[in-house]
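Chemist: sequence below, structure please.
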Amino acid sequence: MTIIHEKKRSAPGFFRSWRLYRQFKKLARSEKTILFFSESGQDWHHFSPVINHLTGNLSQTVCYVSSDPDDPGLLQENERIKPFFIREGLFQILFFSYLKADILVLTMLDLNNFHLKRSVNPVHYIYLFHAMGSTHMVDFANSYDHYDTIFCVGPHQKEEIRKREQLKGLPPKNLVDHGYARLDSLMEKNREYERTRAPHGEVTVLLAPTWGDSSILNTCGLELCGVLLGEGFRLILRPHYETVKRTPQVVADIRRKFGHLEAFSYVDKMGESASLFQSDLLISDWSSMSIEYALGLEKPVLFIDVPRRVRNPDYMELGIEPVEVRIRKEVGDILSPRELEKAPFMIRSILEKKEEFKEKIDMIRRRYLFNPEESARTGALEILRIKEHLMDHSRTGRPA
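Modeler: Numbers count the residues shown, from 1 in each chain. Below is the predicted model of the structure:
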């Protein structure tokens, strides 16, 4: 068995966290023009392309604030990135409530809906998506209501947000045709990997579902792993980090039963990409990672048809089919969890058509994605435009 682990650092204690928060507060306002806030190290691979373009091509200085001591963004050797650790809990609440800055970019959902509120001071909030899926089924109905600007991955998100604004009488947000940096990076890295990839005999299957009581691992994971390994496939298990945190026994049971097998690999590092490149096919459920996998790597997906993951019971009121539902038949096939014994046959059948799949994927990608391979530049230029707009209004005394 191969295991790829995430190494963890211990978070600073209360008093050191207080000193770090005070250091951030003392930073000159001119150095807090553009801020990025990260909830965890998983956010870095979404932020980094935009940050690198801002600090490199556009010569901007940014603050990078994270509540995760393991966040790679805190360890960058870039003099234009000013890193700050803000402890989760009280200091995080204070940071949000009394922030003095021009722009805050974040991937955090539900701003102002729970304990993390918009600042009492004027701040322009930019939401950057960390997934390619729709906005109205998996997320709460009001998850995006309190941002000023939203960097949309594709036309589907733009249509959904505008429709909600119209139905609920919400003020129109600045919706940017952005794209998805994670996908751009996957496409580039996959081309490099394919140039040097050695031929391999066995089919390698990546099992990477979403989390929750109705997800694959929580409902039929043990049985499915047994079917796949019993048919001679190589299997990489990549559980969602929320599964490991909320229901660790589910993962532990699978590792206990199959961990001794050479054909079984386990990955608990969400930001890694090797498992994506090494696999021939993804098995998933309602995880939006399936969209990244298909559109970025041009590889098919087998969807196990467990119940939909719904956080907004009124999602149908928009009258728009979620992209997670719409795209399933376009990028693979669907299997009932009551017929898992058919999985090996379906996998082989899907892979027989992989060249045909690659031929049509570019058309599908352009239907769901803005600015393929240009999202970092597009996002950085929009942040700079907003910064200059805010500065102009500040000089004239007019509201932005």
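
Chemist: what helix or strand is M346 on?
Modeler: Here M346, judged by DSSP states H and E, is contained in helix 343-351.

Chemist: show me what that helix is in contact with.
Modeler: 203, 205, 224, 227-228, 231, 233, 280-281, 283, 300, 302, 332-333, 335, 357 (Cβ atoms under 8 Å, 6 or more residues apart in numbering). For glycine as for every other residue, the C-beta is placed from the backbone atoms N, C-alpha and C.

Chemist: grab the nearest non-local neighbour of the residue most central in space within the chain.
Modeler: For the chain, the residue nearest the mean C-alpha position is H130 (2.9 Å; Cα atoms, centre = their mean). Sequence neighbours aside, T107 is the residue nearest to H130 in space, at 4.2 Å (criterion: Cβ to Cβ, 6 or more residues apart in numbering).

Chemist: what does L20 give?
Modeler: Closest residue to L20 apart from its sequence neighbours, by Cβ to Cβ, 6+ apart: F85 at 5.4 Å.

Chemist: check contacts around the one you found.
Modeler: 11-12, 17, 20, 65-67, 69, 74.

Chemist: what stretches of this protein score poorly on pLDDT?
Modeler: In the prediction, the chain carries residues with pLDDT under 70 at positions 1-10, 270-271, 395-400.

Chemist: residues near the nearest residue to S67 once chain neighbours are set aside, how many?
Modeler: Of all residues not flanking S67 in the chain, E88 sits nearest, at 4.5 Å (Cβ to Cβ, 6+ apart). When counting by other Cβ atoms under 10 Å, one arrives at 13 neighbours for E88.

Chemist: same question, S349
Modeler: Other residues within reach of S349, judged by other Cβ under 10 Å, total 12.

Chemist: kindly report the same for R338.
Modeler: Neighbours of R338 using other Cβ under 10 Å come to 9.

Chemist: a helix runs through it, doesn't it?
Modeler: Yes: R338 forms part of a helix when assessed by DSSP: H, G, I helix; E, B strand; the rest coil.

Chemist: so which elements touch the biggest helix by length in the chain?
Modeler: In the chain, assigned by DSSP state H, the helix with the most residues is helix 375-396. Packing contacts for helix 375-396, counted by 3 or more Cβ pairs under 8 Å, 6 or more residues apart in numbering; DSSP states H and E, involve helix 44-55, strand 103-106, strand 124-128, strand 149-152, strand 174-177, helix 181-196.

Chemist: how about the contacts made by Y144?
Modeler: Here Y144 is in contact with 109, 127, 135, 150, 161, 164, 173 (Cβ under 8 Å, 6+ apart).

Chemist: three-state assignment of the fifth one?
Modeler: Spelled out, it's I161. What three-state DSSP gives for I161 is helix.

Chemist: hmm, it is touching V153, no?
Modeler: No: counting by Cβ atoms under 8 Å, I161 stays clear of V153, with 11.4 Å between them.

Chemist: between the two, which is the more surrounded one?
Modeler: Comparing I161 with V153 by other Cβ under 10 Å, the one with more neighbours is V153, at 31 against 23.

Chemist: the more buried one contacts F129, doesn't it?
Modeler: Yes: counting by Cβ under 8 Å, V153 touches F129, with 5.1 Å between them.

Chemist: helix or strand: which one has N113?
Modeler: Applying DSSP H and E, one finds N113 in no helix or strand.

Chemist: surely it and D139 touch.
Modeler: No: if you go by Cβ under 8 Å, N113 and D139 don't touch, sitting 10.6 Å apart.

Chemist: mind checking which of these two has more residues around it?
Modeler: Neighbour count, other Cβ under 10 Å: between N113 and D139, D139 has more, with 18 against 13.

Chemist: and stretch 366-375, what's buried?
Modeler: Neighbour counts over stretch 366-375 (16 or more other Cβ atoms under 10 Å) mark 368-372, 375 as buried.
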